[in-house]
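> kindly generate the corresponding structure for this input.
(one chain, ligands or ions: 1)
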Amino acid sequence: MLCKPKRVPIELTRLIFRQQQRQLSSKSSRHSRRTDGRDRDDSYTGKRKQNPEAHDLYLYKSKGQHILTNPRVLDKIVITSSIKTTDTVLEIGPGTGNLTLRLLDAAKEVVAVEIDTRMVEILNKRVAEHGFQDKLNVIRKDALRTEFPQFDLVVANIPYGISSPLVTKLVYGMNPFRSATLLLQKEFARRLLAKPGDSEFNRLAVNVKLVAEVEFVMDVSKRDFLPCPKVDSSVVIIRPKADIPDVNLQEWSAFTRTCFNKKNRTLGAILKQKKKVLELLRLSKMTGSRTETADNGCEYFECSSDSDDSEEGESDEGRLCSSSSSEIEVGLFKEKVIEVLNSEGFDKKRPSKLSNEELLQLLSSFNQAGIYFHDQAKSKNAKNVAFAATDSS
Ligand SMILES: C[S@@+](CC[C@H](N)C(=O)[O-])C[C@H]1O[C@@H](n2cnc3c(N)ncnc32)[C@H](O)[C@@H]1O
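The predicted model follows:
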């Protein structure tokens, strides 16, 4: 569907159609769109005739390049972020700099992480024109694969394709920060805001809520972007909690993965399956005590959306366990699992309806009974990113 933005601020119109078009080479791509939201075969050619010097800036869907052009929304994002003049602000995906210029005006410094060299060129030029170059530190890298320097706040209209791993990287990363004001796909924001019992409530919400509070700020229409995306957006503020529960993050991740793999089934149905019992027995024998907390908690949180009722295949570990544990041992272990589930009244409860407090209580009861959770295998990229997760939004 094509739709024209409600309004295109003059600065962006100038930026895209007068200044940048002279500088940028036009690369075509199957997924690229023109910055005016039109298809390549529509009446755009009329504009080119009027301005023969013009080149097109192609915006790539694969990089989530939708430029926010509504000045009121941009201003509201900055105001809501409560930026102090002493703050260093981290911006992921500054694009052509509409938000960056406002951040530079309000903050001491902006660290902008941008993957696209063309955007970096435009950004640097535009920032220099406003005399802000000394306050801007641009890192031309993939935000998921770079270590962020220290920052106080995050304010960003992020590429939606990396929402889940990026939020995870921020809230489970090593950098302490005050808040992150993020423009997200509306559905993704709803999931972050979801409460137990809501249909959107999932593992991502559970894991984020463990360490942070999420607050809704406003919805943003798709027409406020150039080109117009297919989805609406929302702004949320994420504030890391001062006190987080004393739980082993690695085990918590494994536990929530187990529970939310089939979030609408009862815990009894999930945890009393033979293959799950075998897997838990093997892990509990192997662990014997809690695994150490990783330096960087985000390694464990591949917060991909849960596959509501997908079938898990039997793991190699499960098969190994069945051959090395006697039937009696397995039977006794299963009784322990059942005992914990029954003693806490969890047997008939569903993960999608449980609060974090209840989940923490259940995990603690399992541990007290000598039952431990552990991820079977870390993702290939776990060392640096743990971001093998794809966001289904
Ligand atoms: C939704 S646009 C936002 C542009 C700008 N902040 C705005 O509000 O108009 C997302 C930006 O993130 C950049 N980007 C995409 N993937 C990225 C990644 N993995 N790391 C850093 N930047 C990325 C894109 O090139 C694009 O400039």
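> only C-alpha atoms for contact and neighbour calcs from this point on.
Fine.
> what does the stretch 101-250 of the chain have sitting close to the ligand?
Taking CA under 6 Å from any ligand atom as the contact definition, the stretch 101-250 of the chain meets the ligand at 113-116, 141-144, 157-159.
> now these: which count as buried?
113-116, 141, 143-144, 157-159 (16 or more other CA atoms under 10 Å).
> can I see the domain layout of the chain?
59-240, 245-287+329-378 (the TED database).
> using a markdown table, lay out those together with mean pLDDT.
Formatted as a markdown table, the domains of the chain follow (pLDDT from 0 to 100):
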| stretch | mean pLDDT |
| --- | --- |
| domain 59-240 | 96 |
| domain 245-287+329-378 | 87 |
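> so residue 81 makes contact with residue 152?
No: if you go by CA atoms under 8 Å, residue 81 and residue 152 don't touch, sitting 11.0 Å apart.
> picking up where we left off before, tell me the most buried of the domains of the chain?
The highest average neighbour count among these, using mean count of other CA atoms under 10 Å, belongs to domain 59-240 at a mean of 20.
> inside strands: which ones of the residues of the stretch 101-250 of the chain next to the ligand?
Applying DSSP state E to those, the entries found in strands are 113, 157.
> wait, which of the residues of the stretch 101-250 of the chain next to the ligand is closest to residue 65?
Checking these against residue 65 with CA to CA, the nearest one is residue 159 at 6.8 Å.
> with adjacent residues omitted, what lies nearest to residue 216?
residue 236 (4.6 Å; CA to CA, 6 or more residues apart in numbering).
> dig out what that neighbour forms beta bridges with.
residue 182, residue 216 (DSSP bridges).
> renumber starting at 32 from here on
From this message on, residue numbering opens at 32, which makes the last subject residue 267.
> residues in contact with it?
Shown in contact with residue 267 (CA atoms under 8 Å, 6 or more residues apart in numbering): 212-215, 220, 245-249.
> over to residue 311?
Residue 311 touches 402-404, counting by CA under 8 Å, 6+ apart.
> does it belong to a helix, a strand or coil?
Here residue 311 is recorded as helix under DSSP: H, G, I helix; E, B strand; the rest coil.
> for the one 5 residues further on, same thing?
Reduced to three states with three-state DSSP, the structure at residue 316 is helix.
> for it, give its distance to the ligand.
40 Å (CA to the nearest ligand atom, to the nearest Å).
> again, but for residue 99
4 Å.
> which secondary structure element is home to the residue lying farthest from the centre of the chain?
Distance from the centre of the chain peaks at residue 359, with 44.0 Å (CA atoms, centre = their mean). For residue 359, the host element (DSSP states H and E) is helix 358-374.
> closest one of the contacts of residue 267 to residue 255?
Of the contacts of residue 267, the one sitting nearest to residue 255 (CA to CA) turns out to be residue 214, at 12.0 Å.
> go ahead and confirm the closest one touches residue 264.
Yes: with contacts counted by CA under 8 Å, residue 214 reaches residue 264, the gap being 6.7 Å.
> which helix or which strand is home to residue 142?
Going by DSSP H and E, residue 142 is part of strand 140-144.
> partner strands of that strand, with direction?
Applying DSSP bridges, one finds strand 140-144 paired with strand 119-123 (parallel), strand 167-170 (parallel).
> toward the C-terminus, what is the element adjacent to the longest one?
The element immediately downstream of strand 119-123 (helix or strand, assigned by DSSP H and E) is helix 129-137.
> and the angle for that following helix with strand 119-123?
Per axes from the mean of the first three to the mean of the last three CA atoms, to 10 degrees, the angle that helix 129-137 makes with strand 119-123 is 180 degrees.
> which elements pack onto helix 129-137?
If you count contacts as 3 or more CA pairs under 8 Å, 6 or more residues apart in numbering; DSSP states H and E, helix 129-137 packs onto helix 102-111, strand 140-144.
> quick one: that helix to chain centroid distance?
The chain centroid and the centroid of helix 129-137 are separated by 23 Å, computed with CA atoms, centre = their mean, to the nearest Å.
> which residues in this structure form strands?
Counting by DSSP E, the strands of the chain are 63-65, 89-91, 98-99, 119-123, 140-144, 167-170, 184-188, 210-216, 243-251, 256-257, 264-271.
> nearest to residue 364, out of the ones you listed?
The nearest among the strands of the chain, by CA to CA, is strand 243-251 at 35.1 Å.
> show residues contacting that closest one.
With contact meaning CA under 8 Å, 6+ apart, strand 243-251 is reached by 104, 111, 202, 217, 223-224, 263-272.
> hmm, 7 Å instead?
Residues outside strand 243-251 that contact it (CA atoms under 7 Å, 6 or more residues apart in numbering) are 223-224, 263-272.
> residue nearest the centroid of this structure?
residue 195 (2.2 Å).
> against residue 236, how distant is that one?
From residue 195 across to residue 236, the span is 10 Å (CA to CA, to the nearest Å).
> now do residue 291
From residue 291 across to residue 236, the span is 11 Å (CA to CA).
> between these two, what contacts are shared?
Common neighbours of residue 291 and residue 236 (CA under 7 Å, 6+ apart) do not exist.
> helices or strands up against the helix holding residue 359?
helix 305-318 (3 or more CA pairs under 7 Å, 6 or more residues apart in numbering; DSSP states H and E).
> now do the helix it packs on: distance to the chain's middle.
With CA atoms, centre = their mean, you get 31 Å for helix 305-318.
> sorry, back to before: who's in contact with the residue farthest from the centre of the chain?
Residue 359 touches nothing, counting by CA under 7 Å, 6+ apart.
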